[in-house]
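Undergrad: A predicted structure for the sequence below; I have some questions about it.
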Amino acid sequence: MLQFLKASITLLLALGINFSAYAEDFAPYGTAKVDMTDYPVINTVFDVNYEDPKDLKALYGFIKNTKKPLKGEVVAVTHGPELRAFAKENYEHYQGEVQLMAELAEEGVEFRMCLNALRAAGYEAEDMHDFVTVVPAGFAEIARLQHEGYQLMTPLPYPVRNVRYAD
């Protein structure tokens with residue numbers, strides 16, 4: 001059905017038919033409102049626990065898109081399998097992701113890593129790049145930051161880029 005709808009719209013456009021006359025048939029609930037709210041300064045803490053270190057590219061987008069309108073401090077607490085991307089020994093393999101995280105760090109984003117997860121993965125603090133700060137426990141760090149007023153962000157690594165054409 002979706003393929004037929006796309007083909008029909010394409011045909012109407014190709015024939016120069018005014019599509020806007022038919023738009024109401026496809027919008028039984030009207031059109032979305034736009035509210036360009038001016039947000040107050042809000043500090044955020046990102047809970048980062050991704051199975052695939054390559055998903056740090058999605059985190060980059062989430063942080064950039066949150067940091068700009070909120071203008072507050074941003075901390076990313078990493079405590080999952082993605083932490084191996086921050087290990088110096090894996091730089092070649094995860095160079096793209098690490099460069100994006102280093103760029104965020106240069107912009108003021110703090111990266112904190114759970115010591116428990118670090119050790120469970122077989123690493124020590126000295127194995128990580130220097131823009132990472134190792135903290136005693138990831139969840140405790142998130143709780144502490146929330147206690148200080150940081151707002152918790154738990155982004156799943158599902159980017160929306162090109163999702164319109166996913167079907």
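TA: All right, it came through fine.

Undergrad: How is the protein partitioned into domains?
TA: Following automatic domain parsing, one gets these domains for the chain: 2-32, 42-153.

Undergrad: Adding distance to D167, mean neighbour count and mean pLDDT, write the ones you listed out as JSON lines.
TA: Glycine gets a C-beta too; all of them are placed from N, C-alpha and C. Shown next, in JSON lines, are the domains of the chain (distance: least, C-beta to C-beta, whole Å; neighbours: other C-beta atoms under 10 Å; pLDDT from 0 to 100):
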{"stretch": "domain 2-32", "distance to D167": "6", "mean neighbour count": "9", "mean pLDDT": "61"}
{"stretch": "domain 42-153", "distance to D167": "20", "mean neighbour count": "17", "mean pLDDT": "97"}
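
Undergrad: so can I have a markdown table of those showing distance to V163?
TA: Below are those laid out as a markdown table (distance: least, C-beta to C-beta, whole Å):
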| stretch | distance to V163 |
| --- | --- |
| domain 2-32 | 14 |
| domain 42-153 | 12 |
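
Undergrad: what's in contact with whichever helix in the chain runs longest?
TA: The longest helix of the chain (DSSP state H) is helix 56-70. The contact list for helix 56-70 (C-beta atoms under 8 Å, 6 or more residues apart in numbering) reads 39, 41-44, 46, 48, 50, 74, 76, 82, 85, 94, 96-97, 100-101, 103-104, 107, 109, 153, 155, 157-159, 161.
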